[in-house]
Structures are given as C-alpha cells and as structure tokens.
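What follows is a predicted structure for the sequence shown.
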Amino acid sequence: MVRRHAIPFILITLLLALAGPASADSDLTVEPDRTRLYEGEALTLTVRGSMKIDVNLGNLFDLDVSSLPSPDIDKVEEDFDIVGRNQRYSIRTVNNEMVGEITWTYQLAPKKTGQLTIPALTFQDARSDPVDINVISGTSPDEQSEPRDSFIELSADKDEVYVQEQLVLTIKLFFSGNLIRGELSEPEHPDAIIESLGKQREYSRYRDGVRFRVVERRYAIYPQQTGELSLDAIRFEGRARTPEGQLKFLRDSEKLFDIPVKAIPADFSGDTWLPASQLELSESGLPNEQTLATGQNLTRTLVLEAHGLPSETLPPFPEQGIPGIRTYPEQPARAADSDRDGITSSLTQTTALVPVQDGDLVLPEIRIPWWDTEADEEKIAVIPARTLSVSAPPGQASTSVRDSEDPTQGENAASRREGDEDSEPAPTSLFWPILSLILAIGWLVTALAWWKNRGKRQPATSAHPSVDHQEKALFRELCQAADAGAVRTLELLPRWASRCFQDQQFDSAADVVRFAADDTLTQELEVLQRRLFGRHHSNVEWDGKPLITALKKLRGKDANHPEKKQGLPPLYPAGLISQ
C-alpha cells in the first residue's frame, strides 16, 4: 500500500527534470519588472514558456536536465549585460496531457542610455513580442532622497598634475546587506603607471541614517603623456542578501573627471625631471674633524629621498673624480614605501674613500635640481663641498714638504746628526755583538737549507704565470653590464681598470677614458650616459657589442696583463709608499 501511494510522488519528481520530444503549447511571454530605469540600475526580465512532455518507459529515467531547451536570450547582449540568471520548472495537466512550464529569470544591466529594445525571443515554435526599455541618464529622484543599495565614490588629491607627477586616486565602494559576491574594477590607462597603495581598508559609515559597509582602495597614478588624463569608469557588480533573506543584485559605475596633465616647465634646469612634493639629499660616514691620514679608510653614504616618486625614477649620483682620493663605490640600493599619501622612495649610494695624497683634498659639491609640486617651483638639493686635511702618517715624510725642502738643509741636518753621534760615548754593553752573532748563525743555517733543497723546486712555476681570477671575474661582469646597458657599467669600469692596470689610478669612468684614448670607447660611453640619464633616454636603442669590443681592445693594451704577471699586486697604493 505504501509503495502504491509513493509512485505518483516519484513520477512528479522525475518530471521536473525530464525533457522529451515536445511541441509548443502556448505563447512565449517576456515581462520586465520595469520599462523605465536610470543609468546604473538593473532590471529583472522574466521569460515564461511551456512544452508538452512525452512520458514513456524509454525516457522515464532520463534525468539529463541540461538537454532542456532555452530561449535565445543572447540576442539582448547588444544593449544589455546579462549579470544573473535563474530558471525553475513546474508540471500541470491539460486535457490529460502533461505540460511542463519553465520560467527563466534574468538580471539585465543596460550598456548605454536612451531607448533600448529587448528583441523578440524564440522558444520551440513560440515567439515573444519585443519590449522597449527607456534608460535615463543621471540619478533617479528616489535615489536622491533614499540611498542606493550600492554606489561608488571617486576622489583625487589634485585637479591637475605635471607629466610623471603623482596623482592619488581614492575609490570608495558603499554597499548594504550581506555581500555574497562582488567585483570592483581597478583603474587602467595605457599612458599611465598605476601602483596600488597598500591593502584595501574596510569599515562602516552612515549615510542618511543608513549603515553601509565601505571598501576603500587607493592608487598612485603617474601620467606619462601631456594632455588630458581620462580614466575608464570604475565598475562594481555583486550580489547581497537582505536582512529578510532575499537575494539582491548590486551594480554601479562611476567615472573620474578628466585631469589636465601639464608639460615639463621650460625653465627647469635639471637633466632628469623630478616632480616631487619633497626631496632631501643627505650624507653620512665622514668624520667631523676632517683631519685624516693617508691610507685611512673612509665610508661615505649618500641618500636621496623623494616623496611622490617611484624609486626607479631617481637618477644615480654623478660620478666625481676626486684628485688624491681613490673611490670604490658599491651597488646603489633602491627602496620604496607606500602609505595613504603616496609613495616615498630612496636611493642609497655607499662609497669607500682612501686618501692617497697629503694636503687639502676637496670633495666636490653635489647638486640635484627637482621640481617642488606644492610650491610649483624649481628647487635644488645640495650637499656642500667639503675640504679634508690629509697628513702623512707618523714615520712617513709628507710628499709636499719633502719636495720643497732645500738640499743644503738636509746636508746640514745630516752633519748635525753625525756630530751628535760623535759626541756621545759608545755603548759598552755586549747586547748588540751577541745579537749580531745570533742573526749571522740563523742566516747561515737558512742559506745551507736553501742550497740543499734548491734542486727539489718545481721549475714549472715560472713556465705558467699565475692568473688573476678577480680581474677575469670583474671583466666578465663588466661585459655583461655593458651588453645590458646598465648603470653598473660606469661603476665596474674604474674598478676593473684599477685591477687590470695596477700601475695606474682610476677613480671614475672619465679617468679610464683619458687613459685609453680610444674614440670608440669614448663615443659608446657617451651614448650609454645619454641613454641612462637623459630626459628621453627610453627612446634610445642600445647595442652593447661595440662597447664590449672597445673594452676587449683596452684589455689587450696592457703588456703586463695579470695573466702574464707573477706574484701578487702591491699591498699599498703607490702614493702610500715612502719615498
């Protein structure tokens, strides 16, 4: 008995998903929930159709719901975005025939304003009538008095900027209800660099007595072309559930006003355009007393910090040849940090300084022009020149004093020393004769040991000169940097040349150019510097092969190449050896 009563319920359940051969039994109806809506709103389109269901033993257990036909809703995508869809089925009996009624629900968002048309749809043999939809630009009067379920607010920190100047864009998404799914677009522009300023913030705000959840995002935008910066509209699409449990579709879009982008001022004097709200140049590491000794190691650190610029735009510090001081720069370090106000970047250059000449040595002034975007004027960051007083260490005569001494004064001093020695009584202690005897015996033992073992030495040592692996590694790294056109080429060049030509002193790339006297090397380095530090360096194509060829030619110029030398390089620079 129980099984007999359960059979009808099982059949009804199967028929909900059953599709068999059928023919049209009624017209196809299309009903929008409204025919007049405002820009940014969405309408609900309900489509109803019916079909006869043929039930037999062959298809009774065919549960393939995907085989059910559907109306050609894709026709509406010319004027509308289909942002949501749903469907449901019901079964009824008409004249002893099973008829399935299908209801499709679509969420349509208009792509433009004006008079739009939902075209005639077809389902089986049925065809619906077209429906006209009027989309009005602006905001509805109801929305002016009552907040919408979701909306976007855009703001910028400036109403005009210079080219490559930072513009901070703030995007706020307001929504009510429990958000189930949502997509918020990001700003895009082909002629602008856009960086996200940290993670998004989420908080609550009240508008007209209604509590909204707010998602806030900030972006730093750097326009690369003059004219008008016109960003695409920021769009949001999502679904939320109301406190009553109903599912609600959310959609909105907002466009930022066009931003005028000004060109670089004609009176800007710098080679690298630096528009920033603040820029600071500082140094550290040098002693305050500024009195040094030759051979003393110093570490000088230069820091360039800018507010409102990416770290990649900061120019490298100028190379300066300092007479009397050898410089050994390290690889520059770039860093960037972002907060709600934008990006703060820094460039740090650490250089080892070794004075090799006594006297007053001058560290030249460093000047970096930049444009103050808040004051709208050019400013110059300066590190003043510094004079270092360098003296010879105790026991080593000063080079400048020794060259100016009168030879007759030296002879008189020598004669005075000899007279003083003659006037003093000779020591009577036996310490010095005994010490001399011990040293003589030690020397004799060493000589006998050398004589005994001289035949056991390997003669192949002189046949294969030692290889300077550090010079080879530096040259390989230099060629790689030259091939890539990197700034590091100008740093590695004096370091490699100092290693390759150890009897020369190279403090900068300019010193190497003067020593080489090679037109090709000079020309290629000038092209590289223009590409790296010029205003329009990105437009200059780079081919590093001519520069590498010139470097190989310079390397072969040394008749005493490290691969042909024997022994180690001198421990101290030439300027530190006593004359």
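Arrived safely. Numbers count the residues shown, from 1 in each chain.

So for the strand or helix carrying Leu448, mean pLDDT?
When secondary structure is defined using DSSP states H and E, the element that contains Leu448 is helix 431-453. Averaged across helix 431-453, the pLDDT comes to 71.

now stretch 556-576
When the per-residue pLDDT values of stretch 556-576 are averaged, the result is 48.

quick one: secondary structure of Val75?
Quick fix: residue 75 reads Lys, not Val. Using DSSP: H, G, I helix; E, B strand; the rest coil, the three-state assignment for Lys75 comes out as helix.

pLDDT at the residue sitting nearest the centre point of the chain, what is it?
Nearest to the centroid of the C-alpha atoms of the chain, with distances taken as Cα atoms, centre = their mean, sits Glu312, at 6.7 Å. Confidence at Glu312, expressed as pLDDT, is 91.

Quick check: the gap between it and Leu121.
In this structure, Glu312 lies at 54 Å from Leu121, with Cβ to Cβ, to the nearest Å as the measure. For glycine as for every other residue, the C-beta is placed from the backbone atoms N, C-alpha and C.

Which residues does stretch 124-142 contact?
Here stretch 124-142 makes contact (Cβ atoms under 8 Å, 6 or more residues apart in numbering) with 22-24, 26-30, 32, 35-41, 43, 47, 49, 51, 69, 71, 110, 112-122.

sorry, back to before: how close does the residue nearest to the centre of the chain sit to Leu281?
From Glu312 over to Leu281 (counting by Cβ to Cβ), the distance is 18 Å.

and the chain, what are its domains?
Structural domains annotated on the chain: 2-137, 147-262, 275-391, 467-576, as defined by automatic domain parsing.

Take the ones you listed and write them to a markdown table, including distance to Trp443.
Putting these into a markdown table (distance: least, Cβ to Cβ, whole Å) gives the following:
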| stretch | distance to Trp443 |
| --- | --- |
| domain 2-137 | 100 |
| domain 147-262 | 74 |
| domain 275-391 | 32 |
| domain 467-576 | 24 |
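
Quick one: closest of those to Phe268.
Of all these, it is domain 275-391 that lies closest to Phe268, at 5.7 Å by Cβ to Cβ.

Run the chain-centre distance for the closest one.
Remark: domain 275-391 is offset 22 Å from the chain centroid, using Cα atoms, centre = their mean, to the nearest Å.

Weed out the non-buried ones from the contacts of stretch 124-142.
Burial by neighbour count, 16 or more other Cβ atoms under 10 Å: within these this picks out 22, 28-30, 32, 37-38, 40-41, 43, 47, 49, 51, 71, 110, 116, 118, 121.

Based on its surroundings, how many neighbours for the closest residue to Thr122 other than its chain neighbours?
Distance criterion Cβ to Cβ, 6 or more residues apart in numbering; nearest residue to Thr122, sequence neighbours excluded, is Asp72 at 5.6 Å. Asp72 is surrounded by 12 other residues when neighbours are defined as other Cβ atoms under 10 Å.

In strands, which of the buried ones among the contacts of stretch 124-142 fall?
Assigned to strands by DSSP state E, the following of the buried ones among the contacts of stretch 124-142 qualify: 29-30, 32, 37-38, 43, 47, 49, 51, 110, 116, 118.

could the residues you listed go into JSON lines alongside distance to Ser277?
Output for these, formatted as JSON lines (distance: Cβ to Cβ, whole Å):
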{"residue": "Thr29", "distance to Ser277": "62"}
{"residue": "Val30", "distance to Ser277": "57"}
{"residue": "Pro32", "distance to Ser277": "52"}
{"residue": "Leu37", "distance to Ser277": "44"}
{"residue": "Tyr38", "distance to Ser277": "40"}
{"residue": "Leu43", "distance to Ser277": "47"}
{"residue": "Val47", "distance to Ser277": "57"}
{"residue": "Gly49", "distance to Ser277": "63"}
{"residue": "Met51", "distance to Ser277": "68"}
{"residue": "Pro110", "distance to Ser277": "42"}
{"residue": "Leu116", "distance to Ser277": "47"}
{"residue": "Ile118", "distance to Ser277": "52"}
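
residue boundaries of the helices in the stretch 351-500 of the chain?
Ranges of helices within the stretch 351-500 of the chain are 399-404, 407-423, 431-453, 460-463, 469-484, 488-500, based on DSSP state H, counting those that start in this stretch.

shaky segments in the stretch 301-450 of the chain?
393-433, 435-436, 450 (pLDDT under 70).

Might you report the residue contacts of the residue nearest to Thr122?
Contacts for Asp72 were tallied using Cβ under 8 Å, 6+ apart; they are 121-123.

Please identify which of those residues is nearest to Leu521.
Using Cβ to Cβ, Leu121 is the member of those that lies nearest Leu521, at 75.5 Å.

distance of that closest one from Leu43?
Distance of Leu121 to Leu43, computed by Cβ to Cβ: 15 Å.

what's the answer for Thr446, then?
106 Å.

Tell me which residues touch the spatially closest residue to Gln529 that is not a sequence neighbour, please.
By the measure of Cβ to Cβ, 6+ apart, the closest residue to Gln529 outside its immediate chain neighbours is Leu490, 7.4 Å from it. For Leu490, the contacting residues are 319, 509, 525, 528-529, taking Cβ under 8 Å, 6+ apart as the criterion.

By mean pLDDT, show me the worst of the domains of the chain.
Ranked by mean pLDDT, the domains of the chain bottom out at domain 2-137, which scores a mean of 73.

can you tell me how far Leu45 sits from Lys248?
Applying Cβ to Cβ to Leu45 and Lys248 gives a distance of 16 Å.

Who has more neighbours out of the two?
Counting neighbours by other Cβ under 10 Å for Leu45 and for Lys248 shows that Leu45 has the greater number, 23 against 17.

you'd agree that one is up against Glu31?
Yes. Proximity of Leu45 to Glu31 meets the contact threshold set by Cβ atoms under 8 Å, at 7.4 Å.

ok, now which ones touch the residue nearest to Phe475 when sequence neighbours are not counted?
Taking Cβ to Cβ, 6+ apart, and ignoring the residues beside it in sequence, Phe475 has Trp496 as its nearest neighbour in space, at 5.5 Å. Contacts for Trp496 were tallied using Cβ under 8 Å, 6+ apart; they are 471, 474-475, 478.
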